[in-house]
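Chemist: no sequence on this one, just coordinates:
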């Protein structure tokens, strides 16, 4: 096997599925199949010899199923990332969330095999996930002992990135804008100074399930404002995802329903395949679910959420853009920034994919770059310091 390529172990009891996933992998010049196994027991037996960069794992298998494999993986402290092949059924959603709680990195729906466009879509997303998780694992384990990474919060400064004014959470908009780096558009000044934070909006994609687990498990139990989240996820899975987060979070976490009230200490997750927007009314703020066309290829879209937050909350919002491919959310987080809201982007080192936050950062819309390990602490602090 080539040491330059990301190597994949495929674990599925279906020979048809093993061959299908194998062809998807081998069609990519930077990927290769390390091996195949028909259940978790065979996979464990092959791991030391094959030494893959990522595992693609079915959940329903004889002798040792995917859940049992993940439990054994935890016992043995195996760090190789695992991407779950999940069924479409409601039970599949429940088991998939259990797999994520046991350390699986992410999941993708199994192709049904009846639609060529569906197969192409699954192949594209699977390849992206393999590159993201396998590539990061391969890179991390190849680092020399001399490389030192110091996690934490890094304030965005024009000296570091050449884009956008930096300011503290309490400070008014910067009075002076240092010219941006050559070729980067100069970001606009915020129209207002930050006001008391009344809402937190989060946009996140690939790498999100486990990132949100880490953030939500560390939020203050008396968190004083509502949180609305767009996590790119297929329909049928966000309800179970919200329930799994609710079990580890001191706050209430639920899949959003039409007309749900935004209240302190409540986290609403956008349902799969529905946009979510907010509306401030005289007596209460609520969310609405929309079936309008996808934005940036996504429904729900973080840009749709951020635009509504900017319109209804302006400088009283805190927006967070985290790990994910593409650029969803990177434009309309700028609307919140321009209105004087506070903006946070996850840093490159801790992202599974530095896509969405990178674009927002390069546009000059991010005031704080924060590692995943410090994200909850930073959100807690900024909300406390800017409380109404």
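Modeler: Perfect, I can see it now. Everything quoted here is computed from the prediction, not taken from an experiment.

Chemist: next structured bit after the lowest-mean-pLDDT helix or strand in the chain?
Modeler: Least confident element among the helices and strands of the chain, by mean pLDDT, DSSP states H and E: helix 158-161 (a mean of 31). Once the chain leaves helix 158-161, the next helix or strand it forms, by DSSP states H and E, is strand 199-204.

Chemist: so what does that following strand touch, helix or strand wise?
Modeler: Counting contacts by 3 or more C-beta pairs under 8 Å, 6 or more residues apart in numbering; DSSP states H and E, strand 199-204 packs against helix 208-216, strand 227-231, helix 302-313, strand 317-321. (Each C-beta comes from the backbone N, C-alpha and C, glycine too.)

Chemist: show me how far it is from its chain's centre.
Modeler: With C-alpha atoms, centre = their mean, to the nearest Å as the basis, strand 199-204 stands 11 Å off its chain's centre.

Chemist: do the same with stretch 293-311
Modeler: The answer for stretch 293-311 is 15 Å, by C-alpha atoms, centre = their mean.

Chemist: tell me the mean pLDDT over it?
Modeler: Mean pLDDT, computed over stretch 293-311, is 97.

Chemist: buried residues, that stretch. List them.
Modeler: 295-296, 298-311 (16 or more other C-beta atoms under 10 Å).

Chemist: can you check stretch 54-72 too?
Modeler: In stretch 54-72, counting by 16+ other C-beta under 10 Å, buried: 54-61, 64-70.

Chemist: same check on stretch 226-235?
Modeler: For stretch 226-235, by 16+ other C-beta under 10 Å, it's 226-233.

Chemist: also stretch 347-366?
Modeler: For stretch 347-366, by 16+ other C-beta under 10 Å, it's 347, 350-366.

Chemist: same check, this time on stretch 104-124
Modeler: Buried, per 16+ other C-beta under 10 Å, within stretch 104-124: 104-111, 122-123.

Chemist: can you redo the residues you listed as a markdown table with secondary structure and distance to residue 26?
Modeler: Listed next are the buried residues of stretch 104-124 as a markdown table, based on DSSP: H, G, I helix; E, B strand; the rest coil; distance: C-beta to C-beta, whole Å:
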| residue | secondary structure | distance to residue 26 |
| --- | --- | --- |
| 104 | coil | 23 |
| 105 | coil | 22 |
| 106 | strand | 21 |
| 107 | strand | 22 |
| 108 | strand | 18 |
| 109 | strand | 21 |
| 110 | coil | 19 |
| 111 | coil | 16 |
| 122 | helix | 16 |
| 123 | helix | 12 |
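
Chemist: lowest pLDDT pick from those residues?
Modeler: residue 111 (77).

Chemist: would you mind measuring from that one to residue 16?
Modeler: 11 Å (C-beta to C-beta, to the nearest Å).

Chemist: which residues touch stretch 377-388?
Modeler: 153, 169-170, 194-198, 200, 215, 218-220, 223-225, 316, 318, 320, 342, 344, 368, 370 (C-beta atoms under 8 Å, 6 or more residues apart in numbering).

Chemist: average model confidence for that stretch?
Modeler: 91.

Chemist: buried residues in it?
Modeler: Applying 16+ other C-beta under 10 Å to stretch 377-388 flags 377-379, 382-383, 386 as buried.

Chemist: and what of stretch 128-143?
Modeler: 128-138.

Chemist: what's the closest of the buried residues of stretch 104-124 to residue 79?
Modeler: Ranked by distance to residue 79 (C-beta to C-beta), the buried residues of stretch 104-124 are led by residue 105 at 10.6 Å.

Chemist: from residue 207, how far off is the closest residue to that closest one other than its chain neighbours?
Modeler: Nearest-residue entry for residue 105: residue 81, 4.3 Å, with adjacent residues in sequence omitted and distances by C-beta to C-beta, 6 or more residues apart in numbering. Using C-beta to C-beta, residue 81 is found at 10 Å from residue 207.

Chemist: what touches both of these two?
Modeler: 105, 133.

Chemist: residue ranges with poor pLDDT in the protein?
Modeler: Judged against pLDDT under 70, the low-scoring parts of the chain cover residues 88-90, 113-115, 144-187, 388.

Chemist: which stretches in it count as helices?
Modeler: 15-26, 40-50, 66-75, 90-101, 116-129, 135-142, 158-161, 208-216, 238-246, 302-313, 333-338, 356-362, 372-385 (DSSP state H).

Chemist: can you give me the buried ones in the second one?
Modeler: This means helix 40-50. So helix 40-50, judged by 16+ other C-beta under 10 Å, has buried residues 40-44, 46-47, 50.

Chemist: quick one: contacts of stretch 33-47?
Modeler: Contacts of stretch 33-47 (C-beta under 8 Å, 6+ apart): 1, 7-13, 15, 18, 22, 25-26, 50-53, 55, 57, 61-66, 68-69, 72, 76, 78, 80.

Chemist: the same query, at a cut-off of 7 Å, please.
Modeler: By C-beta atoms under 7 Å, 6 or more residues apart in numbering, the residues outside stretch 33-47 that reach it are 1, 7-11, 13, 18, 22, 25-26, 50, 52, 55, 61-66, 68-69, 72, 78.

Chemist: what sits against the closest residue in space to residue 214 that isn't next to it in sequence?
Modeler: Spatial nearest neighbour of residue 214, chain neighbours left out: residue 372 (6.1 Å); criterion: C-beta to C-beta, 6+ apart. For residue 372, the contacting residues are 211, 214, 346, 350, by C-beta under 7 Å, 6+ apart.
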